[in-house]
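Student: Sequence plus predicted model, see below.
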Amino acid sequence: MTSSGRTVAEPTSARSRLARGSALLVMTGVLAGTVGALTAAPAEAVSGTAAGRVFRDFNMNGTFDTTSTTASPAVDVGVSGVSVRAYDKDNNLLVTAQTGATGTYSLTYNTTTATASVRLEFDTPTGMVPSRAGASGATNKTDVQFVSTGVTNADYAVAHPQDFSTSNPSFAFARQVGAIKLDGTAQNTDAGTVFTNPYGARGTTAAVPAVKEATVAQTGAVWGLTSLNDDFIFTSSLFKRHAAVGPGGLGAIYLTVPGGATDAAPFTTVANAGTNPRPAAMTTAAYFNDTTAYAQVGKIGLGGMTIAPDHSALYVVNLASKRLVRIPITINASGVPVAGTQTSVAIPAPACAGDLRPFGVSSANGSLWVTQTCAGLAAADLRGYVYKYDYTSNTFGTSAVLEIPLTGSRGFAYSPNQSATWRPWTDATGNSAWPNNVTTISIPQPMLSDVQFDANGDMTIGIKDRFGDQAGYAGSPGGGNNVYEAMGAGDSLRACLNGTASTFTLESNGSCGGRTGSGVGNTDGPGGGEFYSDDFNSGSHDQVSLGGLLQVPGFPLLINTTFDPKSPGSDPEYGTQGYRFFSNTNGSFDAAT
């Protein structure tokens, strides 16, 4: 029989022993617990081991993928700091361990049960969910596993739900369209502003034509892009010199159904996004000078936009109010998104000598990330900041997870006489600011515009050159008829995660987190070099980034919007807008479209 978990052995010859007059001794032994024949000998301790890995399963196939292929581009990574516990059959906790830097763990335990088999239980990191388990060839065995001693592949896969992607996803990108063409005539109203293209598309724009999803008449200039599954694209209004504001005004967010039908329409309007300084009707001649727009770039309208990881709300930066705006989303009976009541929260304001300007917001790793820039009174004042925002509690962290000094050499915006070194924001126009003795002009002004994360948790920061939105491709000063070829000089910087903490260290001389980039010693970035190879024609333009980024979770390449995306000799496509692919391993240029 069993009592309190202990098995008591019944003597096989109890009757005969009682017959011999030993009843008193037997009873005494039972009561006092001193008769060895009535209890089982305690089991000897049995040793056991168990080992495995907790990994981030980007494509949710349940398998730890270590190589990027066309069929499966995402490369999985280990997850550190996850607790793993081993229990015996009597539910006694035997040992607890934490996964290491590569997600691996190893347990050694002792148990007094009959075998060394144990039950393993894994914690699921906050914001993640268990991945697929049990498929053919899968290594994921769920968060509770019953294993025998010596097991070495007791793996557990987790994922952020928003990370899942097909092997060749389509993505959306914006193109900026002037209100007038280079020949001075009015822009076609059907010129495209929002396009989609498959991730695998490479080559010239003629060979791989993008699908036009929205027109300038429908949206005007836009910047922020985010999507709701594969069904809808949201875009946010951008105030840009020489470019028209869309029909929804400065605070407009537009909704597009991808598929090439150019059906963008106003979705909602963010309140208090500023006042359009232009007159109600603008002629092509007025757009050539566009004197009222110059000083307002980066200060009115909307900046970046993203969607919450659970798709419950849009988040967009209001440049005029300097607040992060939350717009709830519901789906109506027709399956169409509907905007709810807006709320907003102030973005932290670190000490800044000069104007503090927010712009970018991204969703990654279960949180939101917001960028802002100290526009500076002098070059030494220029700073960039990234703040983490908890979308469940609707609060920002008390301090920035990254602060970037925006000083030092960055090569040339246009060699040999237009430096790419960042300057404080300026609203000065006219020939006093734009000299008459040059035909090419660059006045680089930083605006942190985007932030993305690779599989390791390392951050890439996109920096938009405000001057590119002040000047346009063939711009003019505030008055007069001089035409200048204006050169933007944005940038992409890498910052590497410090262990499991949400703090980051900026690249230095092209190196970051133990990885060496492609621009060591080229004098174009922090510490005398840069990680990403983002120049054009080996020095003609040392900085061609337009400030927009895309990192498909787990994929090995970063996508960066640029001008002149391809190099001379292959297919220059001068003066065009496009995008480049860069390696997150060594920063090298991979391809462009």
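Tutor: Yep, it's here. Numbers count the residues shown, from 1 in each chain.

Student: quick one: the helices in the stretch 1-150 of the chain?
Tutor: 14-19, 23-32 (DSSP state H, counting those that start in this stretch).

Student: same question for stretch 471-480, mean pLDDT?
Tutor: Per-region confidence: stretch 471-480 scores 67 on mean pLDDT.

Student: in stretch 487-507, what's buried?
Tutor: Residues of stretch 487-507 classed as buried by neighbour count (16 or more other Cβ atoms under 10 Å): 487-497, 504, 506-507. Heads up, the C-betas are built off the backbone N, CA and C, glycines and all.

Student: ditto for stretch 387-406
Tutor: Buried residues in stretch 387-406 (16+ other Cβ under 10 Å): Y387, K388, Y389, Y391, F396, A400, V401, L402, I404, L406.

Student: before we move on, what about stretch 316-328?
Tutor: V316, V317, N318, L319, A320, S321, K322, R323, L324, V325, R326, I327.

Student: tell me how far the ends of that stretch are from each other?
Tutor: 12 Å (Cα to Cα, to the nearest Å).

Student: and what of stretch 142-153?
Tutor: With Cα to Cα, one end of stretch 142-153 sits 12 Å from the other.

Student: what do you get for stretch 183-193?
Tutor: With Cα to Cα, one end of stretch 183-193 sits 20 Å from the other.

Student: For that stretch, which outside residues touch it?
Tutor: The contact list for stretch 183-193 (Cβ atoms under 8 Å, 6 or more residues apart in numbering) reads 174-181, 210, 212-222, 235, 262, 264, 284, 288.

Student: Give me the subset of those lying in strands.
Tutor: Among those, the residues falling in strands (DSSP state E) are A174, K212, E213, A214, T215, V222, T235.

Student: Contacts only, for the fifth one.
Tutor: With contacts defined as Cβ under 8 Å, 6+ apart, T215 is in contact with T189, D190, A191, G192, T193, T262, A264.

Student: Doesn't the first one belong to a strand?
Tutor: If I follow you right, that is T189. No: the assignment for T189 is coil, going by DSSP: H, G, I helix; E, B strand; the rest coil, so no strand is present there.

Student: Tell me if R580 really is in a strand.
Tutor: Yes: under three-state DSSP, R580 sits within a strand.

Student: Pick the one among the contacts of T215 closest to D454.
Tutor: Nearest to D454 among the contacts of T215 is T193, at 28.6 Å by Cβ to Cβ.

Student: how near is that closest one to A264?
Tutor: Relative to A264, T193 is positioned 8 Å away (Cβ to Cβ, to the nearest Å).

Student: farthest pair in the buried residues of stretch 387-406?
Tutor: Y391 and L406 (27.7 Å).

Student: Might you report the residue contacts of G178?
Tutor: G178 touches Q187, H242, A243, Y287, G472, Y473, counting by Cβ under 8 Å, 6+ apart.

Student: Same question for G547.
Tutor: Counting by Cβ under 8 Å, 6+ apart, G547 has contacts M447, S449, D450, G462, I463, K464, D465, G490, T561.

Student: ok, how many other residues are close to the nearest residue to V118 once chain neighbours are set aside?
Tutor: Spatial nearest neighbour of V118, excluding adjacent residues (Cβ to Cβ, 6 or more residues apart in numbering): A86 at 4.5 Å. Using other Cβ atoms under 10 Å, A86 has 23 other residues around it.

Student: Then R119?
Tutor: Count around R119 with other Cβ under 10 Å applied: 15.

Student: Tell me how many other residues crowd R202.
Tutor: Neighbours of R202 (other Cβ under 10 Å): 13.

Student: and what of V177?
Tutor: Neighbours of V177 (other Cβ under 10 Å): 22.

Student: what does the one 5 residues further on give?
Tutor: Under the neighbour criterion other Cβ under 10 Å, L182 is assigned a count of 11.

Student: Just confirm it contacts E485, I think it does.
Tutor: No: using Cβ atoms under 8 Å, L182 is not in contact with E485, being 10.6 Å away.

Student: At the geometric centre of the protein, which residue sits there?
Tutor: Nearest to the geometric centre of the chain sits Q452, at 3.1 Å (Cα atoms, centre = their mean).

Student: where does that residue land on pLDDT?
Tutor: For Q452, the model assigns a pLDDT of 96.

Student: still on that earlier bit, from the buried residues of stretch 387-406, which land in strands?
Tutor: Counting by DSSP E, those contribute Y387, K388, Y389, F396, L402, I404 to strands.
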